[in-house]
Every structure is written in C-alpha cells, then in structure tokens.
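Enquirer: Okay, predicted coordinates and the sequence, questions at the end:
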Amino acid sequence: MENMNKPDHIEPLEHPLPARLSRLTKLGPATFEQLPFLLPRSWLNADQPIDCWNTLITEQDMILVQGYIQGPLVRSSRGHQRFQGSLLDRSGQILQVVIFGPNLLAQTWKPDELLWLYGRLGRYGPVWQLQQPKSLPSHWRGAIMPLYPGKKNIIRDETVREYMLEWLPQAIPWAVQWFNHKMPPQQDIQWLLSNNGLSHWNPTQLLQQAHLPDHLASGHKAHRVMDQMSAMMALGCANKPITASKAAKPKIHVQSRRFHSLPFKITPEQKKALDQIMTDLNSGYPMRHLLSGDVGSGKTVVYALAASACADNEQQVAVLLPSQVLAMQIYHTLRQWWPDLPIGMISQKEKQIPEATSILIGTTSLLYSDLLSPRLVIIDEQHKFSRAQREQMIDDQTDLLEVTATCIPRSLALARFHFTRVSQLRGNHITKDIVTRIWHKDQKLDLFQQIADTLANDRQVLIIYPLRHANDDTSVQSVTEAVDAWERWFPGAVSGVHGGMNPALKELAVQQMRSGEKKILIATTVIEVGVDLPGLQRVVIIQADRYGLATLHQIRGRVARQGGKGYCDLFLSSAPSEKTMERLSALEKSNDGFTLARLDLQLRGFGDISSDSDAQTGWRQGLLFQRSINPKAFIQVLNMLERQQANS
C-alpha cells in the first residue's frame, strides 16, 4: 500500500537520494529529480498569531496562536494516551489544549512559558480546543512555513520539512531539466508559466515558490501550475499510439440483408455511428472505440450490425454484458433479427462454446470460457466492469468496442482528450418525459400515494432496494423483506428479483412484469442496465444517496420505454450531505447521460487515464506525490493546447 502514490512512469535517474533520506521514499520520491514534486499540503502564515481568544469564531483545520502556559499537563488514559492543558491569552482567558498520544510538546510543557502553537481549532461543547498542536520553531516566526505530509510510524512531517529544505536547492535544477526533457519543447515549463500570466518567473522560481513562497498567493499560483504540469505528464502517458498492425484481413462490411431483416429502419445518426465503427474496424490498427448514447437511443442495433459484419466474414465476436437477464434479452433479440447467424450463449452453467458460433453472448462467464481469440470484443454497459475485466479477452490484435449510456470518468477523460474514438447517439426513437424528484423521510406517505395512483392507472412500478437480504442494519430494508411488505399492501401484484437468485427465477420475475401479470417489481440494481419493461411508468429508488450518478441514470432509463410520461423518485431516509444533494439535484435537472458523466467527472475526478490504469476515481500515477490530479488542471491544459493548435 505504501507505493500507491509513487508514479510508475518516473523512472529512477542518475541522482538517487542518499541513504539518510531513505524514509522519504515511503512518500514517493526516489531521486533528486523527483524530490521537488513532493509539494507542501499547505502553508502556515506565521506573521500574525492570534493572542485573544475572544476573536475565535469558527472551527479551523489550521490556526496559529500565542499564549502563556497555565499549570501542568493533566494526563488521562481511556484506551488512548491523552493530555490536557490550558493556554492563557493576553487578557487571561483560557484556551484548552488537547494532545493525543506521544507528542514532543508534552515532553517540553513548562508552566508560564510563552508559546507559539499551531494546530486544529475545534469545540467540545462550549469550550474551544486547540487539538494536537505543535510548537512553532522560533526561526519560522514572521515567515511562511511549508506543511509537508508525513507517514505515521515512519517519518514525521517536521522531518520531511527539514530534509526537503536542505536538499531542494540541489534538486530543483535537475527536476527542471528532467521535466523539460520529458515534454515537447513547445510545451515546456516556461510555456505553462506564460499561459498562466507568470512569464516573469523562470522554472527554477516556480519550484521555489511552490515550496517556499514569498506570499501565500504566490504559493497557490505555483501549485496551480504544478497541477497543470502533472496533467501534462498524465496526458503524455495516456497518449500512447497503438503501433501494432493487424494481420492481413479482408475488408468487412454490413450486408444489406442485415438491415432489411430489422423490424425498423435505423436513423441517420445510428448509420453515422455504424459507419465510424466500420471505418475503425477496417483501419488496419486495433480499434479502441466508445459508443455512447442515452438510454433508448438505439445503441444495441448499432453494435449488433457491426457484429454481424464480422460474423458474415467468419470472424468471431464476443459480447460481454453485466447481467444474465440482459444477456438473455440481447441473445433473443439478435436471434429474432437474424435467425441464420450462428449466435451462442455462455452462462455460469454452460461454459462450453456452441459449435460453429460466430457471435458469443454472455456475462463474466465469457472471461473463463475456452473462447478463441475474437476479432471484435463488444462490452455493453462498460461502467459495470473493471478495466482488467474489460481487457481480459483483448490482445494487441483485437478490436474493442465499449458501449455506455453514462461514461465512467476514465473513458470520458480519454474521449475528452481525443485518445479514444467516440460515436455518440443523442436522438431517441420515442418521445418521453421523465420527471425526477427527490423525496425526504417526512414525505413518505405522499410518495406511497403516488405509487398507489400509478398502479390504479394500470401502470407498473419498479422499487429499488440496496440489499438482497436482511442484515444487522435495521435502518435498511432488503428486497426479501420489502417483497413481503408490499405484498401485504398489494396482494398478488408483487414480484422480486436480485443478483443472488437462480437465473431462471430472475427471468420469470421479469417475464411476469412484461406480460402484465405483476404490477410491482422489487429489485436490487441487478435490474439497472438494459432490461426492457414496456409497462413501467414509475421507478422508486430507496436510499438513493447510496448510488452514483451512472447507476441512478441507468435505473431511471427503465421508465417509459414506450414513450410518454414517466417518474423517477429518489427517496432519502436520512438527511443528505451538501455534496449528495448537489449530485441528486443534477438528476432532477438533466436527463442527458453525457452531461451527468461530466458532473460525475467533476465530483469524482478523472481517475487514472494512463494506459494500464484501473483507477476510476482520484489519481495514483501523476507527476506529484501524495497529491491527486485536479480535474480543472486537465481542462486548463487542454484549452491551452487547443489555443496553441489554433494559432499554429
């Protein structure tokens, strides 16, 4: 775990750190070239300490105070070592000081001594507390002191600061040379400085200001540029060209009879997306293509036609789907469209490939079958699979088509920066109006009445619960418990489905809804993707705050599949956080999957977009150690690159 923040793409160069700095490597840096990229978490402006406790108003993560020690530290032990003392301000008022565990301050505490302390300011009832403070060294008084990260039981943050400031003068010139060597000459550090209105700085000054700024504003500006440097490095890692050529294969195309066999005519937008995919399939290089379209936009027929082109040329296709219910649905749909094509199905029970199969459909069972190397791998609802799963069937000759209604952050980042080809479907075959609303606990009866009204109008309702079975958490009702409760209210109208059920029973529950035999389906998110329930008008998501935007949008997509009015109810059983309300409110305002994916990207980050990444949130392979990539930095850098291209 200790190497999670160590950038794999920064290889050790000719200037390794000396042995006495070996503990610093636990934070990431292994060479002098890397040392300046371990930035301070923040700074402490030590020029004006607070010396009057009446001015304390709000809790703060970091504060500097000046006061006199009153009396000794009092030690108590209740599971953890704890010390408590008092600090007097200039008017004699008391600020409580609390220290947990071993602390240098506890060893040097002397009554009546004047101290400068910095730490977290909190409240315990009506009492202000300075929590886990540290003594400010006298030589930092009146200066801006950098606050570096430490690592528990390995290296204290004070020691990190001591090492960094001792060796930075030697390391900075090598770091500048190293970074500029990695980037194109037209996009070096000076180029970034100029784009930020800091052309009066040189690269050495940038790194100096990032650690020891003249003013706090200068430090923040320097960190902004450093974030952009990290974004530049990440883009360089993502933009690795595919150089492997395919073995000589004939050009393939979709036969006209495949279009004629469809029960509908595809739209110009679908035809354009199909043409783009076929162009990539015939490019002579392994395809990496993303087909994005909102729920109901007709993605299935587009990728099915591409699959038929391969099958008609005796080339194998694998279609990976996230659930058995959806896999069965796609299997039957393709068999109805093209009964002459050799289409097979892989399941947990049947893992043998049917003989002479060209299109093989299945869930993760596909990953463990004796599948031959396919020409094309199609992954429907790509956000349900890890990167390792998505690429398990792929080698350097395989074409990959990923399909989604709501891009995962990594895919959206790659698409945004033109590293993955994207075909997007924005149209919809039917007109529907889905109203999304957030319901709170005190509105429970009103929501129940809305559900009853929907059923009275002979329409169907899907209710999503977070758990399959009951557990010790009594605040969460499970699917099995909910089925019993709803059956009491609406006898004979209720069916249930969850991922742990026998596949045949799951299919039966879905068929009962399709036929109209049942009116209420209680389910987990196993019903999230792809499943078509024509009579469904309302979906209720219990404890909606548990789910991400992509999942919620997919569930909402089950509603009003035949058009008309639909309802998506987001029920919250407890008070949500501000961030949760921001996320759920976005669903109230937008039905567009790409818009929601962009918001998800802003909230969660891009993830690791490097070619071997599996990280969907945060960043673990950037230029900067112990520091996540800032999504704004990516956007800023991209805008710079686009302006540069436009002016060239």
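Expert: Noted; the coordinates are in hand.
Enquirer: For the rest of this, base every contact and every neighbour count on C-alpha atoms.
Expert: Fine.
Enquirer: where's the nearest residue to A544 once chain neighbours are set aside, which helix or strand?
Expert: Among residues not flanking A544 along the chain, L570 sits closest, at 5.4 Å (Cα to Cα, 6 or more residues apart in numbering). Counting by DSSP states H and E, the element that carries L570 is strand 564-571.
Enquirer: what are the ranges of the helices in the stretch 201-350 of the chain?
Expert: Under the criterion DSSP state H, counting those that start in this stretch, helices of the stretch 201-350 of the chain are mapped to 203-211, 216-238, 256-260, 268-281, 299-312, 324-337.
Enquirer: Any chance of the ones you listed in CSV with mean neighbour count, distance to I541 and mean pLDDT as columns?
Expert: Written out in CSV, the entries for the helices of the stretch 201-350 of the chain read as follows (neighbours: other Cα atoms under 10 Å; distance: least, Cα to Cα, whole Å; pLDDT from 0 to 100):
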stretch, mean neighbour count, distance to I541, mean pLDDT
helix 203-211, 22, 46, 97
helix 216-238, 21, 37, 85
helix 256-260, 12, 38, 95
helix 268-281, 18, 31, 94
helix 299-312, 21, 25, 95
helix 324-337, 18, 20, 89
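Enquirer: quick one, which of those helices is nearest to W53?
Expert: The minimum distance between W53 and the helices of the stretch 201-350 of the chain falls on helix 216-238, with 24.5 Å, by Cα to Cα.
Enquirer: Now the nearest residue to R82 once chain neighbours are set aside, what are its backbone angles?
Expert: Counting by Cα to Cα, 6+ apart, F100 is the residue found nearest to R82 once chain neighbours are left out, at 4.5 Å. Backbone torsions for F100, taken as degrees, to the nearest 10, come to phi -110, psi 130.
Enquirer: For burial, what's the neighbour tally of the residue nearest to A544?
Expert: Residue crowding around L570 was assessed by other Cα atoms under 10 Å; the count is 24.
Enquirer: Wait, it touches R546, no?
Expert: No. With contact defined as Cα atoms under 8 Å, L570 does not reach R546; the gap is 10.7 Å.
Enquirer: before we move on, back to that, how far off strand 564-571 does the next helix-or-strand element following the strand holding L570 point, in degrees?
Expert: Heading C-terminal from strand 564-571, the first helix or strand you meet, by DSSP H and E, is helix 578-589. Interaxial angle, helix 578-589 versus strand 564-571 (axes from the mean of the first three to the mean of the last three Cα atoms, to 10 degrees): 170 degrees.
Enquirer: can you give me the strands in the stretch 501-648 of the chain?
Expert: Across the stretch 501-648 of the chain, reading from the start of the chain, the strands by DSSP state E, counting those that start in this stretch fall at 520-523, 536-542, 564-571.
Enquirer: Any idea which of those strands gets closest to N153?
Expert: With Cα to Cα as the measure, strand 536-542 is the member of these nearest N153 (42.7 Å).
Enquirer: Tell me the strands beside that closest one, with direction?
Expert: Take DSSP bridges as the rule and strand 536-542 pairs in its sheet with strand 460-464 (parallel), strand 564-571 (parallel).
Enquirer: right, so of those strands, which gets closest to V74?
Expert: The stretch from the strands paired with strand 536-542 with the least distance to V74 (Cα to Cα) is strand 564-571; that distance is 48.6 Å.
Enquirer: what would the helices of the stretch 201-350 of the chain look like in a markdown table with distance to L638?
Expert: Formatted as a markdown table, these follow (distance: least, Cα to Cα, whole Å):
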| stretch | distance to L638 |
| --- | --- |
| helix 203-211 | 21 |
| helix 216-238 | 9 |
| helix 256-260 | 40 |
| helix 268-281 | 24 |
| helix 299-312 | 29 |
| helix 324-337 | 38 |
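Enquirer: between the ones you listed, which one is nearest to T595?
Expert: Comparing those against T595 with Cα to Cα, the closest turns out to be helix 299-312 (17.8 Å).
Enquirer: what residues does the closest one touch?
Expert: With contacts defined as Cα atoms under 8 Å, 6 or more residues apart in numbering, helix 299-312 is touched by 252-255, 258, 270-271, 273-274, 277-278, 291-293, 316-317, 334, 341, 358-359, 375-376, 378, 403, 425.
Enquirer: how about a cut-off of 7 Å?
Expert: Taking Cα atoms under 7 Å, 6 or more residues apart in numbering as the criterion, the residues outside helix 299-312 that touch it are 252-255, 270, 274, 278, 293, 316-317, 358-359.
Enquirer: What about these, which are in strands?
Expert: By the criterion of DSSP state E, membership of those in strands covers 293, 317, 359.
Enquirer: any idea of the pLDDT on the residue nearest to A544?
Expert: We have a pLDDT of 95 for L570.
Enquirer: surely it meets I541?
Expert: Yes. With contact defined as Cα atoms under 7 Å, L570 reaches I541; the gap is 5.2 Å.
Enquirer: rewinding a little: for the strands paired with strand 536-542, which one ends up most surrounded?
Expert: When the strands paired with strand 536-542 are scored by mean count of other Cα atoms under 10 Å, the highest mean neighbour count falls to strand 460-464 (a mean of 26).
Enquirer: hmm, back to that, so what sits against both of L570 and I541?
Expert: What both L570 and I541 touch, as defined by Cα under 7 Å, 6+ apart, is an empty set.
Enquirer: How about the residue of the chain positioned farthest from its centre, nearest residue that isn't a chain neighbour?
Expert: Residue farthest from the centre of the chain, counting by Cα atoms, centre = their mean, is D112 at 51.8 Å. On the basis of Cα to Cα, 6+ apart, the spatially nearest residue to D112 that is not a chain neighbour turns out to be I69, at 4.9 Å.
Enquirer: Identify each buried residue in the longest helix along the chain, please.
Expert: Among the elements of type helix in the chain, defined by DSSP state H, the one spanning the most residues is helix 157-182. Applying a neighbour-count criterion of 16 or more other Cα atoms under 10 Å, the buried positions in helix 157-182 are 157, 160-161, 164, 168, 171-176, 179-180.
Enquirer: for the stretch 451-600 of the chain, what spans make up the helices?
Expert: For the stretch 451-600 of the chain, the helices identified by DSSP H, counting those that start in this stretch occupy 479-489, 503-515, 549-556, 578-589, 593-604, in order along the chain.
Enquirer: Return the most buried member of the ones you listed.
Expert: The highest average neighbour count among the helices of the stretch 451-600 of the chain, using mean count of other Cα under 10 Å, belongs to helix 549-556 at a mean of 22.
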